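>>> Have a look at this prediction, sequence included:
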2 protein chains.
Amino acid sequence: MSQEETCRFDAAQVHEQIVAILRAWGMPDESAAATATVLVDTDLSGIDSHGVSMLMLYEKLRSENRVRLDAVPRVVRDAPAFAVVDAGAGLGHPAGLHALELAIQKATVCGIGAVAVGNSHHLGALGYYVRTAAQRGLVSLMMTTTRTPVVAALGGTTPILGTNPIAFAAPRAGGGELVVDMSTSVVAMNKVKAYALSGRDLPAGWVNDALGNPVTDAALAYSLLTTGEGTLSPLGGSSPETGGHKGFGLSLMVTVLSAAFSGAALPLDDAGSDNLGHFVLVIDPASVAEGGETARYVDDLLRLMMRDEPDVILPGDPEAVARASRGQNGIPIPESLLEHLRAICGRAGTGMILTPLG
Amino acid sequence: MSQEETCRFDAAQVHEQIVAILRAWGMPDESAAATATVLVDTDLSGIDSHGVSMLMLYEKLRSENRVRLDAVPRVVRDAPAFAVVDAGAGLGHPAGLHALELAIQKATVCGIGAVAVGNSHHLGALGYYVRTAAQRGLVSLMMTTTRTPVVAALGGTTPILGTNPIAFAAPRAGGGELVVDMSTSVVAMNKVKAYALSGRDLPAGWVNDALGNPVTDAALAYSLLTTGEGTLSPLGGSSPETGGHKGFGLSLMVTVLSAAFSGAALPLDDAGSDNLGHFVLVIDPASVAEGGETARYVDDLLRLMMRDEPDVILPGDPEAVARASRGQNGIPIPESLLEHLRAICGRAGTGMILTPLG
């Protein structure tokens, strides 16, 4: 879309660069490696908005003392199949991975395990976590509250909910996974921006102004969203007539599961750290089904969806294609982002090691 | 909408009538009472499509030997926090309630409990089950596969998925519950019918013809859906551009959780009984949170949604309003449905006891 110069970089080198920055910021080695792994995988999957570019936000949060990079997540309440983790106001990635491992342990013993995380921050794209679990033969569901209020309540006119995503994954017999990773807003903010850049009108019902009237001029809509004078609709649109109650209901479900057990923040609560909440649920199919039966069902289901239907797009497939391509050709990083990373390295007192692939 | 005569009936009498018919069909007393309770509550909640009117379908399934009304659900696999129930090819209501109670028992011990049900049939509106759990202080999530393929895969042109609903509920401090109950299709079939009856055009992206082209003539769209020559889109519409991958992904998630552990049918599998699958998950907040903390969060969250926003509609509120009104004034049953019920009673050899409220 953009005309600016974009070089490609080896994923392992991007990982090393991120670890160097996070360690310079005071993050423990293990947490830095885990966080870098999530960010690089997200870039490899083509979700550029949630990869290495997030370091700009993390630096800002750190400078405002809103995040504690030296935090170590710890279990604060523990039942046989359910626990609550306090992320210690740290980044969400180490806490999310800690919660995932704990839920996996519980699922292995009890058949199912869940963990709610509070006092956390952004944890990257959820797809990474659930896909990892699927690669280990497990079915998982994950959710998180998000930081910036941008979505209206159904029938409301002010931004009050984040894009509160849901992710789900299951292993597929013969290899691969079903991976669903979606926000509960009608579209992502980035889609509104893309419409603005290409000069297309938005469908009515995606963005409303402060009076609740639809805004179809994409550039105006994006501007209203960034200043809080407009709202993004929940999945299903701005009216119950078009199913807006569904996205609104899903967003409330994400909020309750992610935050109500773990003491995480209510929407609009802006005291100190972000205090985001996450929820992760893991099911071990081996606890109740014959070996491989569940994964075979998933494979049969997905094959059925593709039956004589060449245009069907399975959830997770665009990201798998991106991973194959970028794993081979490197991660594209535009020059403007490289500039930011150079400046971040400078301020952190660590070297900029990124060198473009030939 | 309809001009035909509609009388109102006392809920307790409707319950008694349903029990009489189900017992005459050979259903055990306890299962008959449970099924009637779900059906009556659904009518009270204003969801007429899933209440007493379902008896017509159940009679048809029974006459085709597709349902065993004398079935008793039984646990076939059991882990500490997860189990699989075989519904014995019976109606879904007794199996759904059995699974809910089992998940509640497990949640009380382990913090969380889940049950997958296979070899089942229609279990009514999911809202009843999760609301019941919320009234007992529990948070719950429920899903089911449905019988009739009507929704296309994203990018596909043939009906392959049911409307595969999701429901969620949580208790609210001070009384009441948050209840989300939604299909994963863009709208329910009934909404297309309502547009057709009122002569309004459908938004593009709700219904496509067999070539994948949008159909906005609502009467034509409804006709294509009923003959299988058209498809309903997943929530989000028929394109990834409008978020159709989200509804498609949710529908696949519902299918996997409901059917992949329990040996329930794949979509389009039409051998013998319906073999639907259900999934129910219960969390006991008391296992990890201080008493009432979770319900207070839910109440705070919902109050926040209503803050200075008089037009906000909370999920579950329209149904709660209907329950208050119909509990007072009775359940409306149109004359055409009464005719069917009279005929059903006659064929079942039981008396028609329904008498209109004065």
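Sure, I can see it.
>>> thought residue A:43 was touching residue A:54?
No: judged on CB atoms under 8 Å, residue A:43 makes no contact with residue A:54 at a distance of 9.8 Å. Any C-beta I mention is one placed from the backbone N, CA and C, and that applies to glycine too.
>>> And the two? Which one has more around it.
Taking other CB atoms under 10 Å in any protein chain shown, residue A:43 and residue A:54 do not tie; residue A:43 has more neighbours (27 against 21).
>>> Residue A:64 - how many residues pack around it?
Residue A:64 has 10 neighbouring residues, counting by other CB under 10 Å.
>>> any idea which helix or strand carries the most centrally placed residue in chain A?
Note on chain A: the residue nearest the mean C-alpha position is residue A:125, at 2.4 Å, using CA atoms, centre = their mean. Secondary structure here is read from DSSP states H and E; on that basis residue A:125 sits in neither a helix nor a strand.
>>> cool, residue A:134 as well?
Assessed by DSSP H and E, residue A:134 sits inside helix A:127-135.
>>> buried stuff in that helix?
Of the residues in helix A:127-135, those scored as buried under the neighbour-count criterion (16 or more other CB atoms under 10 Å in any protein chain shown) are A:127-134.
>>> quick one: contacts for the residue nearest to the centre of chain A?
For residue A:125, the residues meeting the contact criterion (CB atoms under 8 Å, 6 or more residues apart in numbering or on different chains) are A:38, A:42, A:45, A:47, A:50, A:181.
>>> Mind putting those into CSV with neighbour count and pLDDT?
Conversion of the contacts of residue A:125 to CSV gives the following (neighbours: other CB atoms under 10 Å in any protein chain shown; pLDDT from 0 to 100):
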residue, neighbour count, pLDDT
A:38, 26, 97
A:42, 23, 95
A:45, 24, 95
A:47, 20, 90
A:50, 19, 89
A:181, 25, 96
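>>> Mark which of these are part of strands, please.
residue A:181 (DSSP state E).
>>> just curious, which of the contacts of residue A:125 is nearest to residue A:118?
For these, the residue nearest residue A:118 by CB to CB is residue A:38; the value is 19.3 Å.
>>> residues contacting the closest one?
Neighbouring residues of residue A:38 by CB under 8 Å, 6+ apart: A:93, A:96-97, A:123-125, A:128-129.
>>> Show me the two of those residues that sit farthest apart.
Distance extremes for the contacts of residue A:38: the farthest pair is A:97 and A:125 at 13.2 Å, using CB to CB.
>>> For chain B, what is the nearest residue in the stretch 101-250 of chain A?
Among the residues of the stretch 101-250 of chain A, residue A:111 lies closest to chain B, at 3.0 Å counting by CB to the nearest CB.
>>> so residue A:96 sits right up against residue A:116, yeah?
No: under the criterion of CB under 8 Å, residue A:96 lies out of contact with residue A:116, with a separation of 11.6 Å.
>>> hey, what's in contact with both of those two?
Residues touching both residue A:96 and residue A:116 (CB under 8 Å, 6+ apart) are residue A:278.
>>> measure stretch A:272-287 end to end?
42 Å (CA to CA, to the nearest Å).
>>> so how far is that stretch off the chain centroid?
Mean-position distance between stretch A:272-287 and its chain equals 13 Å (CA atoms, centre = their mean, to the nearest Å).
>>> Could you do stretch A:99-109 as well?
On the basis of CA atoms, centre = their mean, stretch A:99-109 sits 20 Å off its chain's mean C-alpha point.
>>> residue ranges with poor pLDDT in the stretch 51-200 of chain A?
Along the stretch 51-200 of chain A, segments meeting pLDDT under 70 are nowhere present.
>>> can you list the residues of it near chain B?
Residues of the stretch 51-200 of chain A lying close to chain B (CB under 8 Å from any CB of the partner chain) are A:77-84, A:106, A:109-114, A:116, A:139, A:141, A:153-158, A:160, A:166, A:168, A:170, A:178, A:180-183, A:186-187, A:191.
>>> how about a cut-off of 6 Å?
Proximity of the stretch 51-200 of chain A to chain B is assessed by CB under 6 Å from any CB of the partner chain, with A:77, A:79-82, A:84, A:110-112, A:114, A:153-156, A:168, A:170, A:180, A:182, A:186-187 identified as the residues in range.
>>> Let's verify residue A:23: helix, strand, or coil?
For residue A:23, the secondary-structure state derived from DSSP: H, G, I helix; E, B strand; the rest coil is helix.
>>> Go ahead and confirm it touches residue A:30.
No: counting by CB atoms under 6 Å, residue A:23 does not reach residue A:30; the two are 10.7 Å apart.
>>> Can I get stretch A:105-125 as PDB, trimmed to CA atoms?
Once non-C-alpha atoms are left out, stretch A:105-125 reads as follows in PDB (Å, rounded to 0.1, in the frame of the first residue of the first chain):
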ATOM      1  CA  GLN A 105      -0.800 -28.600  33.200                       C
ATOM      2  CA  LYS A 106      -4.300 -28.500  34.700                       C
ATOM      3  CA  ALA A 107      -5.900 -29.800  31.500                       C
ATOM      4  CA  THR A 108      -3.500 -32.700  31.500                       C
ATOM      5  CA  VAL A 109      -4.700 -33.700  35.000                       C
ATOM      6  CA  CYS A 110      -8.300 -32.600  35.000                       C
ATOM      7  CA  GLY A 111      -9.300 -32.800  31.300                       C
ATOM      8  CA  ILE A 112      -9.800 -29.100  31.200                       C
ATOM      9  CA  GLY A 113      -7.900 -26.100  32.700                       C
ATOM     10  CA  ALA A 114      -8.400 -22.400  32.800                       C
ATOM     11  CA  VAL A 115      -6.500 -19.400  34.000                       C
ATOM     12  CA  ALA A 116      -7.600 -15.800  34.300                       C
ATOM     13  CA  VAL A 117      -4.800 -13.100  34.400                       C
ATOM     14  CA  GLY A 118      -5.100  -9.700  35.900                       C
ATOM     15  CA  ASN A 119      -2.800  -6.700  36.300                       C
ATOM     16  CA  SER A 120      -1.400  -7.200  32.900                       C
ATOM     17  CA  HIS A 121      -0.700  -5.300  29.600                       C
ATOM     18  CA  HIS A 122      -0.900  -6.000  25.900                       C
ATOM     19  CA  LEU A 123       0.100  -9.600  25.100                       C
ATOM     20  CA  GLY A 124       0.300  -9.500  21.300                       C
ATOM     21  CA  ALA A 125      -1.800 -11.500  18.900                       C
END
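>>> and it, how far out from the chain's middle?
Shown here is stretch A:105-125, whose average C-alpha point lies 15 Å from the average C-alpha point of the whole chain (CA atoms, centre = their mean).
>>> Same question for stretch A:270-282.
Here stretch A:270-282 is found 13 Å from its chain centre; the criterion is CA atoms, centre = their mean.
>>> What's the first helix or strand after the helix or strand residue A:220 falls within?
With elements taken from DSSP H and E, the one containing residue A:220 is helix A:218-227. Toward the C-terminus, helix A:218-227 is succeeded by strand A:230-232 as the next helix or strand (DSSP H and E).
>>> per-residue confidence averaged over the next helix or strand after that following strand?
Where DSSP H and E defines the elements, the next helix or strand beyond strand A:230-232 is helix A:244-255. Here helix A:244-255 scores 97 as its mean pLDDT.
>>> now the helices for the stretch 201-350 of chain A?
Under the criterion DSSP state H, counting those that start in this stretch, the stretch 201-350 of chain A contains helices at A:218-227, A:244-255, A:293-306, A:317-329, A:335-348.
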